[in-house]
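Engineer: Sequence plus predicted model, see below.
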Number of protein chains: 2
Amino acid sequence: MKRIADSTVRRLSMYLRYLEDLDTRGQQTASSDELAHLCGTTPAQVRKDLSFFGSFGKRGLGYPVHELTAHLREILGLQREWKVLIIGAGKIGAALANYRGFRQRGFTVAGVYDNDPNKVGQPWGEAIVRPMDALEADLNRDDAPIAVLAIPAEGAQAVVDRLVKAGVRAILNFAPTQITVPPHVNLKSVNMAMELEGLSFALTNPGYLDEGAA
Amino acid sequence: MKRIADSTVRRLSMYLRYLEDLDTRGQQTASSDELAHLCGTTPAQVRKDLSFFGSFGKRGLGYPVHELTAHLREILGLQREWKVLIIGAGKIGAALANYRGFRQRGFTVAGVYDNDPNKVGQPWGEAIVRPMDALEADLNRDDAPIAVLAIPAEGAQAVVDRLVKAGVRAILNFAPTQITVPPHVNLKSVNMAMELEGLSFALTNPGYLDEGAA
DNA sequence: AGTTGTGAACACTTTCACAGCT
DNA sequence: AGCTGTGAAAGTGTTCACAACT
């Protein structure tokens, strides 16, 4: 099976976003040119990305909006519900859970965990914060969810090890530290500090980077 | 001036993080091999990245930890203070401002802005939430800060246009939408929904991606 | 005429491998 | 002997350009 680039998957996600918009507005078809403009990429890129998964367009016409939306949802695995475990009852997890698109795309909070005795037992959205110790007992290996790691860097790897042992196969890491997982586990890291430092670099060294990139 | 890859800058940021750790523990030198292991990359990559900016290492010995730390801080532009404007007095901005490393690296919250009348005037960390209308009047063109955009997708581009007009030259965007800026403005976007969908894709299509990547 | 789908060209990034310094 | 610095090679992702189709 041919390997697909991470950047491609991110663009698919973006195409879906804008196709849903167009679909809602009742637009029937969209050309690669239109999609490219909406998503800030090039028509050729759009066509390459989509052609990886099939021939969804009609020459001379463009892509059928509604149909392509459905295809992308299926490709991205968004036709089902994904249970998400929030590790760390702080602001980041809350920001994610609050976000409208989170539920809309089929992600539901299956549980919130924290070590802080002041937080455990407190309501958190529609859930109650559970103690971190309860992690393993709560997890059902047959329906292991996605875990969002929103705790400080210290101890993050230890928690990840526990999650992996408990059957979690996908982790979105917000802890500003390097995490390692076995090859069968999917890990994505978002490091806000790193992004800010990237801006600091760009402002400090104009010309090293071509500016204006997203 | 030779262009530098975005991925390189992100790795520099990571090297700095771990070098600071080593420095605190009093370690004198570190080899590219050691740094690579800490940061989850390869020794050759470390050497290439660093060699872009100079010859900081000593053959046979490795890199002087303290000295390299200082070099990296300077390269990344972290020897000065960066004022950061938080646009949107919600959870994301709060998460960022709460993060210890934020201040440690010289980023300080210069102001928090929101449209919500219930939030305006309320304390937010050490600041008071200001009305969005006050943006232009508050901004000093000579000392334009970095803006963190933590508002919903709707209206995000309009706010960006105002920020740019007011002299902001770097924006960290958390709004889940495509933003465009003129070429002299630096934009970085973090899209949590997109990351989660990437995990959904990976879980749904094992084999398309090589797993276990960070 | 208009737009897709795609092999080939190009550009960029990472890895290799080794000369050269300490 | 050990480790850096780097040109060359390999690998990966993007853009081009055009044949094929509606």
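Structural biologist: Cool, the structure landed.
Engineer: Going by C-alpha atoms from here, please, whenever you check contacts or count neighbours.
Structural biologist: Fine.
Engineer: Distance of the residue nearest the centre of chain A relative to residue A:17?
Structural biologist: Note on chain A: the residue nearest the mean C-alpha position is residue A:172, at 7.5 Å, using Cα atoms, centre = their mean. Using Cα to Cα, to the nearest Å, residue A:172 is found at 20 Å from residue A:17.
Engineer: any idea how far the residue in chain A that DNA strand D sits nearest to lies from DNA strand C?
Structural biologist: Taking Cα to the nearest atom of the strand, DNA strand D has its nearest neighbour within chain A at residue A:5, 3.8 Å off. In this structure, residue A:5 and DNA strand C are 13 Å apart, going by Cα to the nearest atom of the strand, to the nearest Å.
Engineer: ok so, going back, am I right that the residue nearest to the centre of chain A sits in a strand?
Structural biologist: Yes. Per DSSP: H, G, I helix; E, B strand; the rest coil, residue A:172 lies within a strand segment.
Engineer: That one against residue A:145, yeah?
Structural biologist: No. Using Cα atoms under 8 Å as the test, residue A:172 is too far from residue A:145 to be in contact (11.4 Å).
Engineer: re earlier: spit out the contact partners of the residue nearest to the centre of chain A.
Structural biologist: For residue A:172, the contact set (Cα atoms under 8 Å, 6 or more residues apart in numbering or on different chains) comprises A:146-149, A:187-190, B:195-196, B:199.
Engineer: Check which residues of stretch A:174-181 are buried.
Structural biologist: Residues of stretch A:174-181 classed as buried by neighbour count (16 or more other Cα atoms under 10 Å in any protein chain shown): A:174-179, A:181.
Engineer: next one: stretch A:137-155
Structural biologist: A:139, A:144-151.
Engineer: ok, then the element right after the top helix by length along chain A?
Structural biologist: Looking across chain A with DSSP state H, the single longest helix is helix A:6-24. As assigned by DSSP states H and E, the chain's next helix or strand after helix A:6-24 is strand A:29-30.
Engineer: what comes into contact with the next helix or strand after that next one?
Structural biologist: Note on strand A:29-30: by DSSP H and E, the next helix or strand toward the C-terminus is helix A:32-39. With Cα under 8 Å, 6+ apart as the test, helix A:32-39 has contacts from A:14-15, A:18-19, A:42-47, A:62-63, B:178.
Engineer: Show me just the buried residues among the residues you listed.
Structural biologist: For those, a burial check counting by 16+ other Cα under 10 Å picks out A:14-15, A:18-19, A:43, A:46-47, A:62-63, B:178.
Engineer: For those, give me a markdown table that also has pLDDT.
Structural biologist: Formatted as a markdown table, the buried ones among the contacts of helix A:32-39 follow (pLDDT from 0 to 100):
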| residue | pLDDT |
| --- | --- |
| A:14 | 98 |
| A:15 | 98 |
| A:18 | 98 |
| A:19 | 98 |
| A:43 | 98 |
| A:46 | 98 |
| A:47 | 98 |
| A:62 | 98 |
| A:63 | 98 |
| B:178 | 97 |
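Engineer: isn't there a strand covering residue A:86?
Structural biologist: Yes. With three-state DSSP as the criterion, residue A:86 is part of a strand.
Engineer: Show me the beta-bridge partners of it.
Structural biologist: Counting by DSSP bridges, residue A:86 is bridged to residue A:112, residue A:148.
Engineer: Could you list the buried residues of stretch A:65-80?
Structural biologist: A:65-66, A:68-73, A:75-78.
Engineer: Take the residues you listed and keep only those in strands.
Structural biologist: Assignment to strands by DSSP state E places none of these there.
Engineer: How many residues are close by residue A:60?
Structural biologist: For residue A:60, the number of neighbouring residues by other Cα atoms under 10 Å in any protein chain shown comes to 7.
Engineer: Which pLDDT value goes with it?
Structural biologist: Residue A:60 is assigned 97 on the pLDDT scale.
Engineer: what's the spacing between it and chain B?
Structural biologist: Plainly put, residue A:60 is 27 Å away from chain B if you go by Cα to the nearest Cα, to the nearest Å.
Engineer: right, and out of the buried ones among the contacts of helix A:32-39, which lies closest to DNA strand C?
Structural biologist: Checking the buried ones among the contacts of helix A:32-39 against DNA strand C with Cα to the nearest atom of the strand, the nearest one is residue A:62 at 3.6 Å.
Engineer: Bridged to that closest one, which residues?
Structural biologist: In this entry, residue A:62 is beta-bridged to residue A:58, by DSSP bridges.
Engineer: contacting residues for it?
Structural biologist: Contact analysis of residue A:62 by Cα under 8 Å, 6+ apart lists A:29-32.
Engineer: Which of those has the largest number of neighbours?
Structural biologist: Most surrounded of those: other Cα under 10 Å gives residue A:32, at 22 neighbours.
Engineer: Wait, residue A:123 touches residue A:113, no?
Structural biologist: No. Between residue A:123 and residue A:113 no contact is recorded; they are 11.4 Å apart, counting by Cα under 8 Å.
Engineer: hang on, the earlier thing: of the buried residues of stretch A:137-155, closest to residue B:203?
Structural biologist: Closest approach to residue B:203 among these (Cα to Cα): residue A:146, at 9.4 Å.
Engineer: if we can go back for a sec, which members of the contacts of helix A:32-39 are the farthest-apart pair?
Structural biologist: The largest separation in the contacts of helix A:32-39, counting by Cα to Cα, is between A:62 and B:178 at 21.6 Å.
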